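Q: pasted the sequence and its predicted model underneath.
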Amino acid sequence: MRGAVVHDPEHPIRGRVRLGHHHLLDQPGERFDPGGVLAPADHLAAVHVPGREVGQRTAAAVVVLDPHGPGLAWGQGGVAAAAGLDGGLLIRADHEVARAQAARLSRWSCPELARHAVATGICESISQATVRRWLSEDALKPWQYQSWIFISDPDFATKAGRVLDLYARVWEGKPLGANDFVISSDEKTSIQARCRCHPTLPPGRSRAMRVNHTYKRRGAVAYLAAYDVHRAKVFGRCEDTTGIAAFSALVEQVMTQEPYASAERVFWIVDNGSSHRGQAAIARLAAQFPNAIMVHTPVHASWLNQVEIFFSIVQRKVVSPNDFTDTNEVITRLADFETHYNRAARPFKWKFTATDLADLLTRLDNHKSEHATAAEPRAA
């Protein structure tokens with residue numbers, strides 16, 4: 001679809017998108033007023049119509065979120081008379097419009113939206129509570145954002161495929177044997193011991209736990225963990241710092257006990273941190289334990305490493321809110337939690353498969369192609 005307006009029964013329908021409580025119509029070759037801005041329908045995020053039903057000459061606001069632009073692309077359109085509206089706001093998801101008409105805010109608050117609506121003539125008056133209520137009912141959330149990182153590893157598909165195959169108990173196209181094991185390993189660096197200057201108060205009736213903001217640093221430790229993906233067992237240790245020696249000590253801790261000492265193969269999934277980076281780390285592990293095979297995740301893809309899920313659990317259940325007298329208490333708490341976790345843990349329900357990976361890469365390739373086409377200069 002090239003454009004959209006609010007639905008009116010008298011308007012001919014070329015195509016329809018339903019968002020929120022109202023219909024949006026595609027009107028490919030039409031502009032609604034001399035100075036109006038046409039809103040691409042595929043970027044429409046929310047529609048709210050205050051007052052009566054659309055088509056009964058009510059004011060309407062069509063809000064567009066540009067995923068590639070600086071926040072909300074606010075712009076002021078004229079009267080969309082053909083749609084049966086007294087007045088309206090048509091906003092275009094376009095860099096040029098955003099630069100020309102948007103306020104320089106990376107995030108909008110409800111009071112700011114209310115003031116902007118009045119200042120630009122969208123309505124005579126509106127409260128921040130009304131704005132908050134409308135936004136809670138609609139799809140657009142101007143205070144939320146997500147960060148992301150684009151794939152930079154040229155061998156992403158191959159490396160990620162190996163990891164996902166191991167999670168499915170497959171290696172080089174063949175099922176793993178009963179005496180093969182998969183270990184996911186990494187380091188959680190610099191867990192600080194923050195001793196609060198005043199005692200932490202336990203939660204009480206209608207009162208959350210109270211943790212004093214000021215603290216004294218009493219040192220920090222690194223927590224290294226190896227997670228058996230299919231047995232849901234964790235093997236951890238604390239070191240003063242990370243590095244090759246610390247990681248080698250973790251490997252020895254795991255590989256010298258059963259069932260790994262007598263296993264046919266033990267696959268170690270690791271990221272590209274300096275402790276286990278590159279071919280040198282692969283050779284070092286094989287020399288240390290011939291039945292151990294190191295498998296690297298792609299660059300910037302630690303989310304493929306299941307031990308990161310365990311670390312997130314540790315952060316929530318052990319580290320936060322971080323009130324430790326010294327590093328010895330940190331080490332003790334981590335060891336106690338490890339024992340507690342191993343007593344009842346079950347393997348994570350990993351749902352991202354090789355098929356999902358293929359779909360993701362296809363979408364990214366299509367995204368690249370679309371942007372490459374859009375960036376090509378138009379013929380005169």
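A: Yep, that arrived.
Q: which SSE is immediately downstream of the host helix or strand of residue 311?
A: Assigned by DSSP states H and E, residue 311 belongs to helix 307-314. Next helix or strand after helix 307-314 toward the C-terminus (DSSP H and E): helix 327-344.
Q: on contacts alone, who are the packing partners of that following helix?
A: strand 180-196, strand 215-228, strand 233-239, helix 307-314 (3 or more Cβ pairs under 8 Å, 6 or more residues apart in numbering; DSSP states H and E). For every residue, glycine as well, the C-beta is placed using N, CA and C.
Q: out of these, nearest to residue 370?
A: Each of the helices and strands packed on helix 327-344 has some distance to residue 370 by Cβ to Cβ; the shortest is helix 307-314, at 31.4 Å.
Q: can you check what angle separates the closest one from strand 215-228?
A: Relative orientation of helix 307-314 versus strand 215-228 (axes from the mean of the first three to the mean of the last three Cα atoms, to 10 degrees): 140 degrees.
Q: low-confidence ranges in the stretch 101-250 of the chain?
A: Within the stretch 101-250 of the chain, the segments meeting pLDDT under 70 span 101-104, 142.
Q: one more time with 50, if that's ok
A: 101 (pLDDT under 50).
Q: would you list every one of the helices in it?
A: 110-119, 128-137, 156-167, 244-255 (DSSP state H, counting those that start in this stretch).
Q: make JSON lines from those and add distance to residue 297 and mean neighbour count to it.
A: Output for the helices of the stretch 101-250 of the chain, formatted as JSON lines (distance: least, Cβ to Cβ, whole Å; neighbours: other Cβ atoms under 10 Å):
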{"stretch": "helix 110-119", "distance to residue 297": "41", "mean neighbour count": "16"}
{"stretch": "helix 128-137", "distance to residue 297": "38", "mean neighbour count": "15"}
{"stretch": "helix 156-167", "distance to residue 297": "6", "mean neighbour count": "19"}
{"stretch": "helix 244-255", "distance to residue 297": "15", "mean neighbour count": "17"}
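Q: for the ones you listed, which one sits closest to residue 264?
A: helix 244-255 (13.0 Å).
Q: downstream of that closest one, the next helix or strand is which one?
A: Trace forward from helix 244-255 with DSSP H and E and the next one is strand 265-270.
Q: can you count the residues close to residue 239?
A: For residue 239, the neighbour count with other Cβ atoms under 10 Å is 17.
Q: which ones are touching it?
A: Taking Cβ atoms under 8 Å, 6 or more residues apart in numbering, we find residue 239 in contact with 221-222, 224, 246, 249.
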